[in-house]
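Peer 1: Predicted structure and sequence below. I'll ask about it afterward.
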Amino acid sequence: MGKLLTEGSVSMKIISTKRNTLTHVVLIIGAIIMIVPFLWMVLTSIKTLGESIQMPPKIIPSQIYSENYSAVMKILPFAQFYINTILMIVGRVVGSVLFSAMAAYACARLKFPGKNAFFGLVLFQMMIPGQLFIIPQFLIVQKLGLLNTVSALIIPGIVSAFGTFLLRQFFMGLPKDLEEAAKLDGCTIWQTFYKIMLPLARSGMIALGIFTALFAFKDLMWPLIVNMSIDKMTLASGLASLQGQFSTNYPQLMAGSLLAIWPMLLVFIIFQKKFIEGIATSGGKL
Amino acid sequence: MTFDGKSTTKKKISKSTLNEWMWGYIMILPTFIGLMVLNIIPAIQTLILSFQKSGSFGKSTWTGLDNYKKLFQDPNVLQATYNTFKYAILVVPATAIISLVVAVLLNKKMKGVSVYRTIYFLPMVAAPAAIAMVWRWLYNSEYGLINYTLSLVGIKGPNWIADPNVALISIVIIGIWSTIGYNMILLLAGLQEIPRDYYEAANIDGASPIRQFFKITIPLVSPTMFFVVVTSIMSAFQVFDVIFMLIDQGNPAIEKTQSLVYLFYKHSFILNDKGYGAAIIMLLLAIIMVVTVIQVKLQKKWVNY
């Protein structure tokens, strides 16, 4: 009996290592497909133009040719792009997290007439494709004389229906007794929200912040429409403008691409756990 | 207080209730104003705009259904609708299946899970313009890495970007490649909610992994899968960035690749006919609404809550 059991577990172990090897093979093939474009971007960006169009392709360049980077930085004001992108992200993240947390708490915990109607508006906004808002939003920004400003980049993301929805779910999942205790201690509604509930909702707010930052960074159409002057562009739209100017110098285009994406890649790799949790939360709550 | 009139006519409302109301309104106020000004009113304005012809500098004249009449006779719009559907039909199932397979493979205790997760998620953190550029380079018919690799096995690669019969497939490949990571993360979160004991019990009963996948994993992950499918369809119907970056105006494949949102952008902001642009986006809204209703109906057939 004892022998049989051990034999069984040994064969089970063999099967499971075999299975793990197969899993790794499949995952590695997938990982190569995912990462090759990035590697190719890096490798091309340090080749001379001549080397980049060599056939058969030379994978590793004979020497690092960094001039592509300086050339691209001469063509495009990358420093300005970084500043504009950071300001846009900060503006949208602060606005949407703060205002969403307030509205979400009110929807989750307070009773007042009109609450359901308000929440209906939130759901309505979430179900409609975003392009439906773009023309009038553009006209508003134009009317306010804010075309070609950083404010124009922030405006459509200053409040967030999605954020309100997400954080409402989050607040609803928190226990109620703390609030009751706070009430007995004489805390006002604002104090209860600000001092007790907000810290508890931290992970939800981080998730929303990451989500907002990522999508602001990737947003292309809006920056393209409102900020046409080169010094007010974001990394995403500035990079898009590079293509029109140099459609065939791939080493320079790749250098520009890397200059545009490295900050987000770096932030992602450092905070990958938070990122992945954040994305998982933002989906799981719906 | 503004509620005084109400409180005397109706039941007496206590001070603490009034206080709660007041805080409720204060706390929703920024989001309420923002949503009204930036979303709700604009949505209505877009609808109104779709019945107008916008001339130079903000002057609009009411033209009734003209934009819509033009819309249904515009071969570009019909083709773009077809392109958009084709893109969605090719991208959504492929992404959903591949993401699920990757998520299932990653949902075990083994070495390297977090490394794989990071790599698969990478495309999600890159700006679309950068993604499009590097793929354009990979797709390059003369010097591109893809056609070179194909030539090694004796296949003559197509002109990925300029061939009208291939270009949409090239866009689809980028679409799948760049969304697997995101959907995989969502599905992985869903898979981790499935209690381990189910699998242990199935193991004891001698159920094969394949059987376990279809009998336990698929049904229990179906709510997450539903979310993934709904959001993927939503974003597939709004495809714009990659097409905009990959296909230039002079590209012979433009007609066979441009999506409805691409046309919307072109008419609203390049040709400056915002009325017609608005009509195009109303068409997209109608399509998305119909598709969503169908999904909610079909949901009962395959989603287990």
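Peer 2: The structure has been received and is ready for your questions.

Peer 1: Name the helix or strand for the residue at minimal distance from the centre of chain A, please.
Peer 2: With the centre of chain A defined as its mean C-alpha position, the nearest residue by CA atoms, centre = their mean is A:Leu214, 1.3 Å away. Per DSSP states H and E: A:Leu214 is located in helix A:202-218.

Peer 1: That helix packs against which elements?
Peer 2: Judged by 3 or more CB pairs under 8 Å, 6 or more residues apart in numbering or on different chains; DSSP states H and E, helix A:202-218 is in contact with helix A:78-109, helix A:161-172, helix A:235-245, helix A:272-284. Where you see a C-beta, it was placed from the backbone N, CA and C, and this is true even at glycine.

Peer 1: Nearest to A:Ser45 among those helices would be which one?
Peer 2: For A:Ser45, the closest of those is helix A:235-245, at 12.8 Å, according to CB to CB.

Peer 1: Show the contacting residues for the spatially closest residue to A:Ala240 that is not a sequence neighbour.
Peer 2: Using CB to CB, 6 or more residues apart in numbering or on different chains and skipping residues adjacent in sequence, the residue nearest A:Ala240 is B:Ala129, 4.3 Å away. Contact analysis of B:Ala129 by CB atoms under 8 Å, 6 or more residues apart in numbering or on different chains lists A:Leu220, A:Ala236, A:Ser237, A:Leu239, A:Ala240, A:Gln243, A:Ser257, A:Ala260, B:Asp241, B:Met245.

Peer 1: now do A:Leu208
Peer 2: Contacts for A:Leu208 (CB under 8 Å, 6+ apart) come out as A:Ser96, A:Val97, A:Ser100, A:Ser160, A:Gly163, A:Leu166, A:Leu167, A:Gly278, A:Ser282.

Peer 1: from those residues, which is closest to chain B?
Peer 2: Taking CB to the nearest CB as the measure, chain B lies nearest A:Ser100 of the contacts of A:Leu208, at 6.5 Å.

Peer 1: roughly how far apart are B:Phe213 and chain A?
Peer 2: 13 Å (CB to the nearest CB, to the nearest Å).

Peer 1: burial of that residue, as a residue count?
Peer 2: 15 (other CB atoms under 10 Å in any protein chain shown).

Peer 1: didn't it look like it was pressed against B:Leu105?
Peer 2: No: between B:Phe213 and B:Leu105 there is no contact under CB atoms under 8 Å: 11.0 Å.

Peer 1: Can you find the helix or strand in chain B with the smallest mean pLDDT?
Peer 2: Within chain B, confidence by mean pLDDT, DSSP states H and E is lowest for helix B:4-9 among all helices and strands, at a mean of 46.

Peer 1: low-scoring pLDDT stretches of the stretch 101-250 of chain A, where are they?
Peer 2: Of all residues in the stretch 101-250 of chain A, those with pLDDT under 70 make up the ranges A:244-247.

Peer 1: Test my guess that A:Leu243 contacts A:Met254.
Peer 2: Let me fix one detail, which is that residue A:243 is Gln and not Leu. No: look at A:Gln243 against A:Met254 with CB under 8 Å: they stay out of range, at 11.7 Å.

Peer 1: quick one: which of the two has more around it?
Peer 2: A:Met254 (26 against 19).

Peer 1: which residues touch that one?
Peer 2: A:Met254 sits in contact with A:Trp40, A:Met41, A:Val42, A:Thr44, A:Ser45, A:Asn68, B:Met133, B:Val134, B:Trp137, where contact means CB under 8 Å, 6+ apart.

Peer 1: want to throw those into JSON lines with pLDDT and secondary structure?
Peer 2: Listed next are the contacts of A:Met254 as JSON lines, based on pLDDT from 0 to 100; DSSP: H, G, I helix; E, B strand; the rest coil:
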{"residue": "A:Trp40", "pLDDT": "94", "secondary structure": "helix"}
{"residue": "A:Met41", "pLDDT": "94", "secondary structure": "helix"}
{"residue": "A:Val42", "pLDDT": "94", "secondary structure": "helix"}
{"residue": "A:Thr44", "pLDDT": "91", "secondary structure": "helix"}
{"residue": "A:Ser45", "pLDDT": "91", "secondary structure": "helix"}
{"residue": "A:Asn68", "pLDDT": "87", "secondary structure": "helix"}
{"residue": "B:Met133", "pLDDT": "91", "secondary structure": "helix"}
{"residue": "B:Val134", "pLDDT": "93", "secondary structure": "helix"}
{"residue": "B:Trp137", "pLDDT": "91", "secondary structure": "helix"}
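
Peer 1: and of those, the nearest to B:Leu271?
Peer 2: Nearest member of the contacts of A:Met254 to B:Leu271, counting by CB to CB, is B:Met133, at 25.5 Å.

Peer 1: got the contact list for that closest one?
Peer 2: A:Leu239, A:Gln243, A:Leu253, A:Met254, A:Gly256, A:Ser257, B:Met245.

Peer 1: Now with 7 Å, please.
Peer 2: Residues near B:Met133 by CB atoms under 7 Å, 6 or more residues apart in numbering or on different chains: A:Gln243, A:Leu253, A:Ser257, B:Met245.

Peer 1: Using JSON lines, lay out the residues you listed together with secondary structure and distance to A:Met88.
Peer 2: Converted to JSON lines, the contacts of B:Met133 look like this (DSSP: H, G, I helix; E, B strand; the rest coil; distance: CB to CB, whole Å):
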{"residue": "A:Gln243", "secondary structure": "helix", "distance to A:Met88": "21"}
{"residue": "A:Leu253", "secondary structure": "helix", "distance to A:Met88": "23"}
{"residue": "A:Ser257", "secondary structure": "helix", "distance to A:Met88": "19"}
{"residue": "B:Met245", "secondary structure": "helix", "distance to A:Met88": "20"}
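
Peer 1: So which of the residues you listed wins on neighbours?
Peer 2: Going by other CB under 10 Å, A:Ser257 tops these with 30 neighbours.

Peer 1: separation between it and B:Pro128?
Peer 2: 11 Å (CB to CB, to the nearest Å).

Peer 1: Repeat that for B:Leu138.
Peer 2: 15 Å.

Peer 1: does any part of stretch B:72-92 sit near chain A?
Peer 2: No: Stretch B:72-92 stays out of contact with chain A when judged by CB under 7 Å from any CB of the partner chain, the minimum separation being 11.6 Å.

Peer 1: in that stretch, what's buried?
Peer 2: B:74, B:76-77, B:80-81, B:83-88, B:90-92 (16 or more other CB atoms under 10 Å in any protein chain shown).

Peer 1: Likewise for stretch A:264-279?
Peer 2: A:Met264, A:Val267, A:Phe268, A:Gln272, A:Lys274, A:Phe275, A:Ile276, A:Glu277, A:Gly278, A:Ile279.
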